[in-house]
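K.L.:
here is my input, please return the structure:
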Amino acid sequence: MEDNRKIVIYGSGRYPKDFLYVFDKIQVSYYVDDKAGDTVEQYHVLEKEKKSEVFVIICKYDEKAARTNLEQMGFQRGTNYVSASELFQELDFPIKAISKKKEIYVWGTGDISHRFFEEFVIKNPDVEILGCIDSDLGKRGKTFFRRPIYMPDDILKKDNVFFIIASNLYYSEIKKNLLQYGKREGEDFVSSCVIHQKASWMMRETIYDVPRLDYVCPKAFRDVAVMPEGRLSVCAGVRDVENYNVPLYCSDFSQAWHSNIMKILRLSMINGTYSFCDAKKCDLKQGCGRQILDTDECHYSMHYSKEQLALISQEDALSKDHVFHEENYSIREKEYPDAAMVSFDKTCNLHCPSCREKVYAAGKRKKEELLEFTDKLEKQLLPYVNRIKVAGDGEAFASEIYRNIIFNSQRSKKIHEIGILSNGTLLTPSQFDKVSELYSSIKIFISMDGCTSETAQKLRAGADFERWKDNMRYLAKQREAGKIDFFAFNFVVQRDNYLEMPGYVKMCLGFHADEIKFSKIFNWGNYTAEEFDRVSMFDENDRMREELAEVVKDEIFGRKEVRLFKWIDW
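P.N.:
Predicted coordinates for the structure are as follows:
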């Protein structure tokens with residue numbers, strides 16, 4: 001496809017639009033299809049072409065007839081025509097091609113390397129791994145997944161070698177070592193994360209998915225969320241974030257922001273499939289094609305078309321080939337996002353039963369890793385955004401990493417708006433005063449799971465509830481004085497606290513809350529299936545249990561400030 005042949009797309013409708021949104025470097029000469037239309041010619045025009053001067057890409061859901069038509073005209077598969085799906089693999093790192101030219105070694109024999117062998121190496125026997133590398137002298141001569149373990153110096157001096165670094169904590173250290181030997185990142189070595197991500201799978205997932213929503217969520221084009229391990233996403237409503245993007249400790253922000261992974265994630269919003277969004281977390285996807293969508297909490301305006309209103313009333317989704325609006329495909333991401341959410345340090349002063357068993361603080365080596373890609377953020381991202389949000393993982397004021405970001409006085413001169421998600425126990429008057437000196441616009445989101453000391457301290461283990469209330473009273477005064485632009489509260493509903501929901505609303509209204517959000521509890525791995533069934537107030541079909549349904553009949557839940565189990569775009 002890098003030669004000078006004319007590129008012809010065989011197909012019309014949604015498929016070629018989706019394909020070319022991601023394969024945006026392809027220059028198309030013209031389009032053909034089984035029948036001529038406004039923008040396509042009938043495929044017989046290809047009979048006039050010299051086969052050596054044209055290359056056809058089939059972009060159709062059912063391509064059998066197209067292949068037959070092309071072969072009857074003398075086109076040969078792989079020589080002068082292919083199916084678009086055959087090109088999806090070009091979106092992945094070309095490790096299979098490299099394995100045919102170079103000897104491949106995996107650097108690392110720890111947990112990440114173990115997972116890489118199980119999830120990639122074993123499933124791809126055509127990628128031959130000759131051995132593993134580890135600096136631990138005690139491992140010399142031993143094996144890892146039946147591969148010999150070598151010391152770095154045993155292999156580094158060899159030519160025609162490719163290294164897969166299967167380590168997070170030591171990636172930068174290993175990289176420096178390789179660079180000293182003249183090795184080039186991307187050509188002679190990469191992180192195992194680069195190889196293991198599957199843009200080709202994501203492309204197939206959204207192209208063959210069904211359009212549901214006539215709305216392009218702007219978050220994917222304007223916002224970025226820096227998630228655990230420094231992986232980029234657009235918000236916490238994207239599922240399986242661990243599969244998206246290369247962590248920032250082994251990539252640059254611009255590479256990740258404009259990557260194939262992010263292109264495909266954006267395509268799923270352009271084409272209306274929302275293939276990678278979690279319906280349990282995002283009201284937009286939850287309501288697709290089934291019910292009226294509640295978008296009160298979207299910070300961006302949205303308008304329903306006649307098509308969407310018709311779709312809402314349908315029981316079945318539209319056909320795969322449906323295109324809502326062709327102009328959507330011209331929407332592209334900004335060079336830098338407007339808003340950045342940092343959510344990658346799980347350090348917290350509390351240990352809530354739904355989240356973790358004990359208080360967690362990043363250790364020395366982990367903190368070094370976090371500081372490393374925080375330094376990248378400070379250089380490559382944060383100077384260019386208008387708003388920062390801290391933090392969706394861990395506690396904003398318990399983490400040294402987050403505090404360094406919040407209280408960066410030099411950067412705050414450029415970024416005037418900040419959003420803070422906190423449990424509130426460490427957000428003391430003095431801490432807030434320091435924040436208000438740096439930022440002209442402040443939005444605060446407080447998470448607490450009870451309105452009595454007994455419940456709060458049980459579900460937010462380690463919390464001093466009376467001190468928390470003192471902090472909230474001070475913040476309430478700042479909201480009254482206009483020093484806080486938006487003040488919201490979140491309550492994770494579960495068996496041990498659902499009866500306190502009305503009291504929680506009353507308490508938060510007393511704190512001048514703008515919004516009071518009630519969320520469903522999620523199982524982050526801390527519960528067995530039986531335990532989660534006991535604590536959750538929703539059954540396996542996501543239906544509200546009768547006891548909870550009785551509680552929410554209280555007229556207080558009709559208050560405009562209350563959001564019952566609706567996504568909050570903080």
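K.L.:
any weak-confidence spans in this protein?
P.N.:
1-2, 241-244, 280, 283-317, 567-570 (pLDDT under 70).
K.L.:
pick out the residue closest to the middle of it.
P.N.:
In the chain, the residue lying closest to the centroid (Cα atoms, centre = their mean) is residue 233, at 2.9 Å.
K.L.:
wait, that residue touches residue 225, no?
P.N.:
Yes. The pair residue 233 and residue 225 passes the contact test of Cβ atoms under 8 Å, sitting 4.6 Å apart. C-beta here means a position set from N, CA and C on the backbone, and glycine is covered the same way.
K.L.:
what residues does the helix or strand hosting residue 473 touch?
P.N.:
For residue 473, the element it lies in under DSSP states H and E is helix 465-480. Residues from elsewhere that reach helix 465-480 (Cβ atoms under 8 Å, 6 or more residues apart in numbering): 423-425, 427-429, 432, 436, 444, 446, 448, 450, 452-453, 456-457, 484, 487, 510-512, 514.
K.L.:
next up, the contacts around the nearest residue to residue 8 once chain neighbours are set aside.
P.N.:
Excluding its sequence neighbours, the residue lying closest to residue 8 (Cβ to Cβ, 6 or more residues apart in numbering) is residue 56, at 4.8 Å. Residues near residue 56 by Cβ under 8 Å, 6+ apart: 8-10, 32, 46, 70, 75, 80-82.
K.L.:
within its sheet, name the partner strands of the helix or strand hosting residue 56 and how each one runs.
P.N.:
According to DSSP H and E, residue 56 maps onto strand 54-58. Note on strand 54-58: by DSSP bridges, its sheet partners are strand 6-10 (parallel), strand 81-83 (parallel).
K.L.:
of those strands, flag the one that's most buried.
P.N.:
Sort the strands paired with strand 54-58 by mean neighbour count, taking mean count of other Cβ atoms under 10 Å, and strand 6-10 sits at the top with a mean of 20.
K.L.:
now residue 114: how far from residue 422?
P.N.:
In this view, residue 114 and residue 422 are 36 Å apart by Cβ to Cβ, to the nearest Å.
K.L.:
the more surrounded of the two?
P.N.:
More neighbours surround residue 422 than the other of residue 114 and residue 422, with 21 against 14 (other Cβ atoms under 10 Å).
K.L.:
for residue 158, see how far away the more buried one is.
P.N.:
Taking Cβ to Cβ as the measure, residue 422 falls 52 Å from residue 158.
K.L.:
same check on residue 134?
P.N.:
According to Cβ to Cβ, residue 134 stands 17 Å off from residue 158.
K.L.:
neighbour count: those two, which is higher?
P.N.:
residue 134 (21 against 11).
K.L.:
could you find the closest non-adjacent residue to residue 447?
P.N.:
Nearest non-adjacent residue to residue 447, counting by Cβ to Cβ, 6+ apart: residue 490, 4.5 Å away.
K.L.:
what helix or strand is that neighbour located in?
P.N.:
Residue 490 is part of strand 486-493, with elements assigned from DSSP H and E.
K.L.:
follow-up on the earlier one: packing partners for the following helix or strand past the strand holding residue 56?
P.N.:
Downstream of strand 54-58, the next assigned helix or strand under DSSP H and E is helix 64-72. When contacts are defined as 3 or more Cβ pairs under 8 Å, 6 or more residues apart in numbering; DSSP states H and E, helix 64-72 packs onto strand 54-58, strand 81-83.
K.L.:
quick check: what element follows the shortest one along the chain?
P.N.:
Spelled out, that is strand 81-83. The first helix or strand that comes after strand 81-83 along the chain, using DSSP H and E, is helix 95-99.
K.L.:
what packs against that next one?
P.N.:
Using 3+ Cβ pairs under 8 Å, 6+ apart: helix 95-99 touches strand 161-165.
K.L.:
what lines up beside the strand it packs on in the sheet?
P.N.:
Sheet partners by DSSP bridges: for strand 161-165, these are strand 103-107 (parallel), strand 189-191 (parallel).
K.L.:
what residues does the residue nearest to residue 24 when sequence neighbours are not counted make contact with?
P.N.:
The shortest distance from residue 24 to any non-neighbouring residue, by Cβ to Cβ, 6+ apart, is to residue 263 (7.9 Å). Applying Cβ under 8 Å, 6+ apart, we find residue 263 in contact with 21-22, 24.
K.L.:
so which of the residues you listed belong to helices?
P.N.:
Among these, the ones falling in helices (DSSP state H) are 21-22.
K.L.:
one step back: now render the helices and strands packed on helix 64-72 as a markdown table, adding distance to residue 217.
P.N.:
Formatted as a markdown table, the helices and strands packed on helix 64-72 follow (distance: least, Cβ to Cβ, whole Å):
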| stretch | distance to residue 217 |
| --- | --- |
| strand 54-58 | 29 |
| strand 81-83 | 30 |
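K.L.:
show me the helices in the stretch 301-450 of the chain, by range?
P.N.:
Along the stretch 301-450 of the chain, the stretches classed as helices by DSSP state H, counting those that start in this stretch are 306-312, 364-380, 400-406, 409-412, 429-438.
K.L.:
name the residues of the helix holding residue 473 that are buried.
P.N.:
Buried residues in helix 465-480, counted by 16 or more other Cβ atoms under 10 Å: 465, 468-469, 471-472, 474-476, 478-479.
K.L.:
and the angle from that helix to helix 429-438?
P.N.:
Computed by axes from the mean of the first three to the mean of the last three Cα atoms, to 10 degrees, the angle separating helix 465-480 from helix 429-438 equals 30 degrees.
K.L.:
report the distance from helix 465-480 to the chain centre.
P.N.:
Centroid separation between helix 465-480 and its chain, computed with Cα atoms, centre = their mean, to the nearest Å, is 33 Å.
K.L.:
which residues sit against the next helix or strand along the chain from the strand holding residue 490?
P.N.:
Later in the chain than strand 486-493, the nearest helix or strand by DSSP H and E is helix 501-510. Helix 501-510 is contacted by residues 450-452, 476, 489, 491, 493, 516, 518, 551-552, 554, 556-557, 559, 561-562 when judged by Cβ under 8 Å, 6+ apart.
K.L.:
out of those residues, which sit inside strands?
P.N.:
With strands taken from DSSP state E, the overlap with the contacts of helix 501-510 comprises 489, 491, 493, 516, 518, 562.
K.L.:
can you lay out those residues as CSV showing neighbour count?
P.N.:
Output for the ones in strands among the contacts of helix 501-510, formatted as CSV (neighbours: other Cβ atoms under 10 Å):
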residue, neighbour count
489, 24
491, 23
493, 25
516, 24
518, 22
562, 20
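K.L.:
may I see the residues you listed organised as a markdown table, with distance to residue 88 added?
P.N.:
Formatted as a markdown table, those follow (distance: Cβ to Cβ, whole Å):
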| residue | distance to residue 88 |
| --- | --- |
| 489 | 45 |
| 491 | 43 |
| 493 | 41 |
| 516 | 45 |
| 518 | 41 |
| 562 | 45 |
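K.L.:
from the residues you listed, pick the one nearest residue 373.
P.N.:
Set against residue 373, the nearest of the ones in strands among the contacts of helix 501-510 by Cβ to Cβ is residue 489 (31.1 Å).
K.L.:
any idea how far residue 151 is from the closest one?
P.N.:
With distances taken as Cβ to Cβ, residue 489 is found 56 Å from residue 151.
K.L.:
just give the nearest non-adjacent residue to residue 74, would you?
P.N.:
residue 51 (6.0 Å).
K.L.:
surely that neighbour and residue 70 touch.
P.N.:
No. Counting by Cβ under 8 Å, residue 51 does not reach residue 70; the two are 10.1 Å apart.
K.L.:
more neighbours: these two, which one.
P.N.:
Applying other Cβ under 10 Å to residue 51 and residue 70 shows that residue 70 carries more neighbours, namely 21 against 16.
K.L.:
dump the residue contacts of the spatially closest residue to that one that is not a sequence neighbour.
P.N.:
Computed as Cβ to Cβ, 6+ apart, the closest residue to residue 70 that is not its neighbour in sequence is residue 81, at 5.1 Å. By Cβ under 8 Å, 6+ apart, residue 81 lies in contact with 10, 55-58, 67, 70, 75.
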